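In: missing the sequence, but the structure's below:
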């Protein structure tokens, strides 16, 4: 029964998300009571679909860079030759968590200007830690007998890493990517304060005009986006875990 309710809730969330992006006028009656007379009940300063796509593109670009960087660092410090760099790697991965995103933007804007670049830098820095820690945990937590068996078959260290270690650690690495992505979906909303396109524009427009409907629409879209990405990545993790018996 709980699984049935979970699927029903997910389908409902997907339906609301789709309607807000493709046919927001259908939901106008739900927001009319939240606006003053004469004020628009549906965001009318641009396309919600275009803003959502820009939001996802920003998170995806930053997530890809963070994933590659954190994966490389995680692999480095779990090799015998790179163990000594663990404190430095952990410090770099923690950099984004040390400063609030707003502070990161304040530092980035004078260096790269307004627009996409400052929020991209902030999201990359903010997304490193979960992926790095899960990569290290996943690679260090592999059964020693599995590595010994691969060595006994004459596999090179690189071959063992690519064919044995990474596939077995992948579900845990993806869990780190999922956490990083969910955090950055919400964090990306503040990018609109420095001129980056995204759903934050809807929320800021609502706050600046005292339009609760705009704020709610932006917040709902960001929240549903996070839920849908969480469900998709969780399903992928589960599938990989079952495939590798972990």
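Out: Sure thing, it's come through. Note that this is a predicted model, so its numbers are computed, not measured.
In: what about residue 98, how many neighbours?
Out: 11 (other C-beta atoms under 10 Å). The C-beta positions use only the backbone N, C-alpha and C, and glycine is treated the same way.
In: Tell me which residue is most central in this protein.
Out: residue 181 (1.1 Å; C-alpha atoms, centre = their mean).
In: isn't it right up against residue 62?
Out: No - the criterion here is C-beta atoms under 8 Å, and residue 181 misses it with residue 62 at 9.4 Å.
In: what touches both of these two?
Out: residue 127 (C-beta atoms under 8 Å, 6 or more residues apart in numbering).
In: Phi, psi for residue 199 please.
Out: phi -70, psi -10 (degrees, to the nearest 10).
In: tell me the contacts of it?
Out: Taking C-beta under 8 Å, 6+ apart, we find residue 199 in contact with 48, 51, 52, 55, 188, 189, 192, 218, 221, 222, 225.
In: Recalculate using a threshold of 6 Å.
Out: Listed by C-beta atoms under 6 Å, 6 or more residues apart in numbering, the contact set of residue 199 reads 51, 55, 189, 218, 221, 222.
In: The fifth one in helix, strand or coil?
Out: Three-state assignment for residue 221 (DSSP: H, G, I helix; E, B strand; the rest coil): helix.
In: How about it, nearest residue that isn't a chain neighbour?
Out: residue 199 (5.2 Å; C-beta to C-beta, 6 or more residues apart in numbering).
In: From residue 138, how far off is that neighbour?
Out: According to C-beta to C-beta, to the nearest Å, residue 199 and residue 138 sit 32 Å apart.
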